[in-house]
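> Could you work out the structure for the sequence below:
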Amino acid sequence: MDTLTDRQQAILDFVTAQVTREGRPPTLAEIARHFGFRQARSAQAHLQALEAKGALTLLPGQARGIRLATLPAPAHSLALPVLGKVAAGEPIGDPDFEGHLLLDRALFFPRPDYLLRVKGDSMRDDGIFDGDLIAVHRTPDAGDNQIVVARLDGELTVKRLRRRKDRITLLPRNPDHAPIEVPVGAVFAIEGVYCGLVRRG
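Numbering: from 1, shown residues only. So this is what the prediction gives:
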């Protein structure tokens with residue numbers, strides 16, 4: 001298969017994820033809506049370019065007439081979006097979408113909803129290192145001492161949660177980093193709980 005542009009790869013990842021998740025490819029309208037195209041024919045043009053490069057085949061006259069050159073992983077796999085970076089150190093801003101990864105469900109508990117790329121080393125003693133992808137189960141609830149992805153004043157960080165009657169503290173797992181006390185009145189929310197990681201060699 002010829003080399004794809006970043007946009008072509010993103011569209012191929014989206015089609016593959018939908019086939020894996022729902023058992024059928026998306027329509028042109030669904031692709032256009034997902035990528036912010038004003039017209040479905042823009043999605044069609046990208047699909048034709050993917051066909052020319054051997055990534056898929058288009059079946060004329062069918063609303064979901066897309067056939068992937070490489071079939072997605074079997075049903076026990078998850079197609080997880082990689083939503084960008086989360087700080088294992090100081091909090092950082094909102095992540096950006098990077099694409100999807102197909103992963104074995106058995107690697108994670110509970111079932112994750114997305115992946116975040118770790119930036120920093122504040123969680124190294126829990127085996128979470130800079131560049132790792134952590135799997136996150138989306139939930140606003142977490143117990144004391146769980147590893148969480150938290151949003152503090154609009155920025156994301158990954159830490160262990162310590163709850164006391166009068167305060168919440170986000171604990172690093174590296175003595176070089178200080179705990180983060182959540183100030184009274186701060187805009188704070190738990191975005192999800194950690195449920196595993198992916199490390200590429």
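> Three-state assignment for F14, please.
helix (DSSP: H, G, I helix; E, B strand; the rest coil).
> swap that for G89, sorry
Assignment for G89 (three-state DSSP): coil.
> Equivalent analysis for A29, please.
Following three-state DSSP, we place A29 in the helix state.
> Which residues lie in contact with it in this structure?
40, 43 (Cβ atoms under 8 Å, 6 or more residues apart in numbering). For glycine as for every other residue, the C-beta is placed from the backbone atoms N, C-alpha and C.
> neighbouring contacts of the helix or strand of the chain with the lowest mean pLDDT?
Taking mean pLDDT, DSSP states H and E as the measure, the helix or strand of the chain with the lowest value is strand 99-104, at a mean of 78. Applying Cβ under 8 Å, 6+ apart, the contact partners of strand 99-104 are 9-10, 13-14, 16-17, 20, 72-73, 76-82, 115, 133, 135, 198.
> Buried only: go through those residues for me.
Buried members of the contacts of strand 99-104, counted by 16 or more other Cβ atoms under 10 Å: 10, 13-14, 16-17, 20, 72, 77-82, 115, 133, 135, 198.
> Okay, and which of those residues map to strands?
77-82, 115, 133, 135, 198 (DSSP state E).
> Return the distance of the residue lying closest to D130 once chain neighbours are set aside relative to R38.
Distances taken as Cβ to Cβ, 6 or more residues apart in numbering put D121 closest to D130, at 5.4 Å, once the chain neighbours are dropped. From D121 over to R38 the distance is 43 Å, taken as Cβ to Cβ, to the nearest Å.
> who's the residue nearest to the spatial centre of the chain bridged to?
For the chain, the residue nearest the mean C-alpha position is V82 (2.7 Å; Cα atoms, centre = their mean). Counting by DSSP bridges, V82 is bridged to G99, L115.
> hey, where'd the strands end up in this structure?
Under DSSP E, the chain gives strands at 56-58, 66-68, 77-87, 99-104, 114-119, 133-138, 147-152, 155-164, 167-171, 180-181, 188-198.
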